[in-house]
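Colleague: All I have is the shape, not the residue letters:
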């Protein structure tokens, strides 16, 4: 730690130079940077990148490097949900195919990851997703990710939901009063989808707006592959539809973009997967609330809302016909 007050202050860009950490979070960043052999002996600076919910994210500048970097330090408790080696595999595939950022460094022991900082890009907002070209660009990215061989591990939406159900039971999570109805319908949908055969592809599984980066005159990029796995193709589209509150007219348009056709069976598959998406993320949230109460986000409220929306979808008069069409 420097004793020079001038060096202890951020520079004009808001970056702090390594050696000037003031907080536990900043000291943790400096500890990580000290372990990156290729950068030792060079002046490094760092600044927070806002928007992450589970992880600590930082922009890194390294003396003598033309490119800046993005450092991700996993948050406490996040390993309960994430296979970081698999996430890195998916991120490297995306970088190689030009739909993600280049992975520079990955530590499988800690989950710390360094990727190229995509200069000129900004994270999408909910407002961006209201523009019709944005979900179409995302579908193009999905097609590129889905194309080709599978990832080294499969974790379907059923594996995720069942895992969260076990976690909720283990730590005593309080679930909604009608949870038994939701999980009864879930079992029916699960049986029908498994009987039909899953269409497994390499999936991203997490379409929150901040995971899509845009820049004028440049192609969209998709980042954050922490939930990536081989999964049902329809579930990937259903996640996008559910996350962005797209109505049925837009759902039909996106099904046609995604599959190249619109028919009742295909739409039914996406509709059922929408309910499963809300079930999965609802359970994830209420479990998260008890695993880590330090995050400034009401995961319990968010989770209950997601489960309630799953219940609404399962109460739709068309639900039994959708399940039968699978």
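Modeller: Great, that's in hand. On a predicted model such as this, the values are computed, not experimentally measured, just so you know.
Colleague: What ranges in the chain fall below the confidence cut-off?
Modeller: 1-13, 51-54, 76-81, 293-295 (pLDDT under 70).
Colleague: Now do the strands in it.
Modeller: 16-17, 44-48, 56-62, 69-73, 103-106, 113-116, 122-123, 200-203, 212-215, 218-222, 229-232 (DSSP state E).
Colleague: Of all those strands, which one is nearest residue 277?
Modeller: Smallest distance to residue 277 across the strands of the chain (CB to CB): 10.6 Å, for strand 229-232. Where you see a C-beta, it was placed from the backbone N, CA and C, and this is true even at glycine.
Colleague: one step back: redo the strands of the chain as CSV? Include distance to residue 320 and mean neighbour count.
Modeller: Below are these laid out as CSV (distance: least, CB to CB, whole Å; neighbours: other CB atoms under 10 Å):
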stretch, distance to residue 320, mean neighbour count
strand 16-17, 58, 20
strand 44-48, 49, 20
strand 56-62, 44, 20
strand 69-73, 43, 21
strand 103-106, 45, 18
strand 113-116, 44, 21
strand 122-123, 39, 14
strand 200-203, 26, 22
strand 212-215, 35, 18
strand 218-222, 35, 17
strand 229-232, 20, 24
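Colleague: Mind putting those into CSV with distance to residue 245?
Modeller: Below are these laid out as CSV (distance: least, CB to CB, whole Å):
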stretch, distance to residue 245
strand 16-17, 39
strand 44-48, 29
strand 56-62, 26
strand 69-73, 28
strand 103-106, 32
strand 113-116, 30
strand 122-123, 19
strand 200-203, 21
strand 212-215, 16
strand 218-222, 20
strand 229-232, 21
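Colleague: Okay, domains of this structure per the record?
Modeller: Using automatic domain parsing, the domain ranges for the chain come out as 16-116, 122-325.
Colleague: wait, doesn't residue 325 sit right on residue 265?
Modeller: Yes: Residue 325 sits in contact with residue 265 when judged by CB atoms under 8 Å, with a separation of 4.7 Å.
Colleague: Look at the two and report which has more neighbours.
Modeller: Applying other CB atoms under 10 Å to residue 325 and residue 265 shows that residue 325 carries more neighbours, namely 18 against 11.
Colleague: list the contacts for the spatially closest residue to that one that is not a sequence neighbour?
Modeller: Beyond its immediate neighbours in the sequence, the residue positioned closest to residue 325 (CB to CB, 6 or more residues apart in numbering) is residue 268, lying 4.0 Å away. Under the criterion of CB atoms under 8 Å, 6 or more residues apart in numbering, the contact list for residue 268 reads 321, 322, 323, 325, 326.
Colleague: Looking at the strands of the chain, spot the one closest to residue 25.
Modeller: Go through these one by one with CB to CB and the one that ends up closest to residue 25 is strand 56-62, at 6.3 Å.
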